[in-house]
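**Q** Mind folding the following:
(4 chains)
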There are 4 protein chains.
Amino acid sequence: MLGFGLIGTGFMGKAHALAYRTASAVMGDIPGVRLQTVCDVPTDRAEAMARQLGFARATDNWRNVIDDPAVDIISVTTPNALHHEMTLAAITAGKHIHCEKPLALTLKEAEEMADAARAAGTRTMVGYNYIQNPAVLHAQTLINSGRIGRVVHFRGCVDEDYQADPDLPWTWRARRADAGLGTLGDLGCHLVSIAHTLMGPINSLIADTQIIHKSRPLPDGSGRAEVENEDTASAIVRFANGAQGSICSSRSAWGRKNKLDWEVHGTAGMIAFSQERLNELQLYLNEGPKSEQGFRTILTGPEHQPYGQFCPAPGHQLGFGDLKIIEVAQFIRAIVEGREAFPNFTDALGFERVIHAIDQSARDGRRVEL
Amino acid sequence: MLGFGLIGTGFMGKAHALAYRTASAVMGDIPGVRLQTVCDVPTDRAEAMARQLGFARATDNWRNVIDDPAVDIISVTTPNALHHEMTLAAITAGKHIHCEKPLALTLKEAEEMADAARAAGTRTMVGYNYIQNPAVLHAQTLINSGRIGRVVHFRGCVDEDYQADPDLPWTWRARRADAGLGTLGDLGCHLVSIAHTLMGPINSLIADTQIIHKSRPLPDGSGRAEVENEDTASAIVRFANGAQGSICSSRSAWGRKNKLDWEVHGTAGMIAFSQERLNELQLYLNEGPKSEQGFRTILTGPEHQPYGQFCPAPGHQLGFGDLKIIEVAQFIRAIVEGREAFPNFTDALGFERVIHAIDQSARDGRRVEL
Amino acid sequence: MLGFGLIGTGFMGKAHALAYRTASAVMGDIPGVRLQTVCDVPTDRAEAMARQLGFARATDNWRNVIDDPAVDIISVTTPNALHHEMTLAAITAGKHIHCEKPLALTLKEAEEMADAARAAGTRTMVGYNYIQNPAVLHAQTLINSGRIGRVVHFRGCVDEDYQADPDLPWTWRARRADAGLGTLGDLGCHLVSIAHTLMGPINSLIADTQIIHKSRPLPDGSGRAEVENEDTASAIVRFANGAQGSICSSRSAWGRKNKLDWEVHGTAGMIAFSQERLNELQLYLNEGPKSEQGFRTILTGPEHQPYGQFCPAPGHQLGFGDLKIIEVAQFIRAIVEGREAFPNFTDALGFERVIHAIDQSARDGRRVEL
Amino acid sequence: MLGFGLIGTGFMGKAHALAYRTASAVMGDIPGVRLQTVCDVPTDRAEAMARQLGFARATDNWRNVIDDPAVDIISVTTPNALHHEMTLAAITAGKHIHCEKPLALTLKEAEEMADAARAAGTRTMVGYNYIQNPAVLHAQTLINSGRIGRVVHFRGCVDEDYQADPDLPWTWRARRADAGLGTLGDLGCHLVSIAHTLMGPINSLIADTQIIHKSRPLPDGSGRAEVENEDTASAIVRFANGAQGSICSSRSAWGRKNKLDWEVHGTAGMIAFSQERLNELQLYLNEGPKSEQGFRTILTGPEHQPYGQFCPAPGHQLGFGDLKIIEVAQFIRAIVEGREAFPNFTDALGFERVIHAIDQSARDGRRVEL
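**A** You can find the predicted model right below:
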């Protein structure tokens, strides 16, 4: 049995706790996990969540999680500004670390985190959970096996509408010093993780960004404050493999709840996907009679592992939480087998270099090489 | 803490165990559950699944689950022919019972089970999990609030393709004495549970059924054996509320993996749903300018409880396993609050009367009153 | 050049005139058509439509169309109650007749029309235009070539919402003596034409119908009048080839504008179609790796003739009017080649026997043999 | 009656002839058109098409069309390289000109054409037919009325697969001197016409392009020749109204037959559209209860004019040819009313400046101001 500690019990903290509780029972091939110490503030909150989620101990001091000798793996799911300090401390303590994305507010911090993890030899995992989807893994398999020929182009958009309403009050999320990037840090990096996984690394890009709602009302009614980070971002990228592509993101796109649409163009076919229908993969192959060609909708099933660990019948569908279970299981397997997980801090740093390059290019008006 | 026992560790048994392990951590408002005794055969299998799923004890004798004083709730997920004996024994032992659908092979057995549960005052729940979907619950809310006017018509189809291949070998599932009904027992009853929940009870019907593959090869190559239960079923129903509707099901429908499509016609709008996209509800309202009317795709979100217990953001999607967690939580709440859950054995009996009536009508060629 | 006469200049009359004007220019392989005489009432209307549509002469007396020696082909697009007298007169005059569906209010009248046409040896065509769609013709080709194996089941629904509003005033369409059947005559017969074309004839059926809005307000505000014909109809059918199927129709289905959905189940695959997306055919084949199987959306293109006569590139889409052009071209080819068109009066009579059988079964509560 | 002349009888030439034959009969409010002279080479081809399409005269010399005094309107549907000379001659002859897009191979030529038309006061129309779609016109109405708030972002892609196959032989279309731009000229300009119509003019952009298949086999087997124009193009644009957006196009995107997808983001809602489903408009409005919000699919109908001239019932669908009829009717109305049509040569020049700016930016690696 492995011991698990959690810092932060918001949406993602709960998702981590549920996944660590459950992964072994779902998968059958990995050790069980004991939920040891959970941290949140104030203490009441920590204790309530410990009861609900099944942790042995609660604390309002995150260093107690790191110092807990019963803890082998620590999930850091606090606001992004806190990842850097917490993960560095956990690395120093020799823990394996599962950090939510993005790694940090700045590239410099992210680099320090990746460097420290590499130096310490501790295992790391970053919560780019959409690349753990069996549908995406199947896309990767198809691409790697040459099923759609040589990959030559990529398109992707990732949109939500949580900042679409002009009347939403200003929060710290709008300040660069507290929140870092805007839609790029929240959403765009997910899309980059997909692009990178399916197409390989991005070499260079040009980009533009836009702040749609330039100020927002202060919650206390005392006026308005400036929004400092981008609502939308658009980039045109060149991959190391010679392909081009485009990437866009908006956090102010009405009606989009978890749109993360992408398509990979090959010389013999195309693969397309939409996260709002996460159990469906679209595949077009230039084979067979022209009169019968068309995009086919593949419903994820036991042919697309590890779907079968959840359900032996296709079309029954995995949910958001199941993707987190798969991610956790991948991490535990890597720990047990003594190898790196994907994506570890270094991989995630690679993704996040891209979103910062997009920001840079938009500011400078020039192509950025990576 | 409640004690949980499980009989049967196939697909549904595992789904039950995962849901009982997790429901309290997801929901926060219900007591935790201890996994006590699990039964399967042979003993090796039971022990392996106990380890994987986290049960304290394993057995190859189902009566040990029932006799375990630490067990408060028993899930019966064995083949349908075994439900009757096991649930009656569990009722006698005073356990609360969570039984997979359908209740039994015959109506007579199902009636005995419902009668026994009522007489004993034990709580029961039957695994019609698709009616626990927040999208379906929202449909129910819309209908009950009159949002689509008076409901006047229902349409539904439930199809899969697990018996579509003509070359599949014969199994016991094809024999009435062992398996009971065909597609009606496997799939049709799910659709009836939806129709009943949204439209109220069915009063009478006419129906027809079809065996597409009249015989199948015996697995040992010694010839072919007859298929005794239906591949497809179609019924035209009259509801107690005066509406009509149609219901169809096939287990031999190529490409359908978990198609459970239905629509409710109202005098002011329509609601439509497809289980293969279980996080989407289609709603048409005759309101606003005609030039802007259209079916809208509502992505399930925290406005559709208990989705928010899983995820605070819409569009992130629940999966099959999450519906089972909701079902388990409903059952635990009913137990704790000392009231009946929905659907209990009596409710389920009501659903299953309909599938047997469809079978009866198809055999007799006459309208069957319920 | 062939001479064309038209009786009735409503929606369908205009559609016929446009198609006859255009078919030769589209197709290239059929003679041109001169628009000779058009009839409507009052005279002003007839003259205005003659000018707009390009007819040489206008009249308010339909017998003038029939008596016009320059007219070879007559389209009858008047209200259904008038088809019988007009087509019989046209047959007597030796004209080729293109009649809108349904043939007549009663089966008896339809039989007389089919008998008279056969006896006179004149060519006939009935406006079941949805079976002229290249997507449907491709479905037929796939089925006939065994691409989806043996066909074993059929499902279809045809719905609109033109009678969904409870407040719509009463019209003559609600009276059986004037309008004949309700949704079956307007919509249901289209679906039967598809079922018949793809599956072969229907042998017997059981059915039920429903009048949702039992009375409607009189337009003059003097009270309410009874609705005599059905708003919905549902039938379970047996085909001559041994397959079963279900058929439903509603004219009171909010949000459905031209829903005519059907699917053909085969032992090796499935074909599905939705008229609201008339340029898309869904095909599932049980071939290739399971992990790549899925319904494919085939966009109609030049591989699906006669699409290529309209456009050499797939995905550019045909519209409703184009289907009528294809129908007219089929009819002209049959006339020129001296053979029967499909569907002629006898074919259409076969379709319409089914809708009357559905009405009969719903009234009698018994299976009707055809 | 207006006299019509046609130069070029390929796909677009036929589409123009059919539309001019039919527009008056469809619309009712515009004068009829006589098809006078048609030109193609060789003479046989011209004569055959004259017979099929209904022209009075055929010629293999395009100047005969321009010199024909019975001709008021000339459609130029020849290969793009010929537009410049032919339209300038037609302008000189005082004809009204309907030219297919793009106007010319180079901006310089296009400017000369627009200048000449303005100077001569002749009416012009360019075949950007997708902006004539009632669904697109409805989008424009919604946007202009503020229904989705302030428009803040645009996304669009236009893809086909006619150059996806690596084994296709080299043609003149791959040579800049003959064909001008690649996917930008064929497809990209359509998308720009939409963006411009819905969002207003584009001020500046950055872009990148890609030649996927760098050479192709010569048809005579004598080796391979270079492809000089782009297979894909991507641009990030800034609109005069302050919004940003992205535009992409590929002619090598397997499975895309006529994908022209775009979405307009507003501060109160979103509109999305896909040309492969040209009768559907997607609309999301942030109004009403959150639990009922979703993208609605509006099926084009008589509320979206001029759909009703084709069909009085929604959901019956217009096709590609119908959009050309609407375009022709718009042009004839402008001629009759003595005003400019949209888009005339000057409007089209505005669109085409954008595709040339995309090409320029991709070559220079810098932002291009318009």
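
**Q** how near is the residue nearest the centre of chain A to chain C?
**A** The C-alpha lying nearest the average C-alpha coordinate of chain A belongs to residue A:128 (Cα atoms, centre = their mean; 2.3 Å). Distance of residue A:128 to chain C, computed by Cβ to the nearest Cβ, to the nearest Å: 24 Å. C-beta here means a position set from N, CA and C on the backbone, and glycine is covered the same way.

**Q** Skip the chain neighbours and tell me the closest residue to residue A:63.
**A** With sequence-adjacent residues excluded and distances taken as Cβ to Cβ, 6 or more residues apart in numbering or on different chains, residue A:63 is closest to residue A:89, at 6.8 Å.

**Q** re the thing from before, look up how far residue B:187 lies from the residue nearest to the centre of chain A.
**A** With distances taken as Cβ to Cβ, to the nearest Å, residue A:128 is found 37 Å from residue B:187.

**Q** same question, residue A:33
**A** Separation of residue A:33 from residue B:187 (Cβ to Cβ): 36 Å.

**Q** Just give the number of residues close to residue A:333.
**A** Using other Cβ atoms under 10 Å in any protein chain shown, residue A:333 is surrounded by 16 other residues.

**Q** same question, residue A:61
**A** By other Cβ under 10 Å, 13 other residues sit near residue A:61.

**Q** ok, it - contacts?
**A** Residue A:61 is in contact with residue A:39, counting by Cβ atoms under 8 Å, 6 or more residues apart in numbering or on different chains.

**Q** let's go with 10 Å and repeat that
**A** A:7, A:39, A:41, A:43, A:46, A:67 (Cβ atoms under 10 Å, 6 or more residues apart in numbering or on different chains).

**Q** Could I get the phi/psi values of the fourth one?
**A** By that I understand residue A:43. Backbone torsions of residue A:43, given as degrees, to the nearest 10, read phi -50, psi -40.

**Q** who are the neighbours in contact with the closest residue to it other than its chain neighbours?
**A** Leaving aside its sequence neighbours, residue A:43 sits nearest to residue A:60 (Cβ to Cβ, 6+ apart; 4.5 Å). The neighbours of residue A:60, taking Cβ under 10 Å, 6+ apart as the test, are A:39-47.

**Q** farthest pair in those?
**A** Spanning the widest gap among the contacts of residue A:60 are A:39 and A:44, at 12.9 Å by Cβ to Cβ.

**Q** ranges for the strands of the stretch 201-350 of chain A?
**A** A:202-210, A:215-217, A:224-226, A:232-239, A:244-250, A:259-266, A:269-274, A:280-285, A:295-299 (DSSP state E, counting those that start in this stretch).

**Q** Quickly run through the sheet partners of the third one, with directions.
**A** Partner strands and pairing direction for strand A:224-226 (DSSP bridges) are strand A:215-217 (antiparallel).

**Q** Which residues outside the least confident helix or strand in chain A by mean pLDDT are in contact with it?
**A** Every helix and strand of chain A was ranked by mean pLDDT, DSSP states H and E. The lowest is helix A:176-179, at a mean of 94. Helix A:176-179 is contacted from outside by A:79-81, A:105-106, A:171-173, A:182, A:185-186, A:227-230, A:359, using Cβ under 10 Å, 6+ apart.
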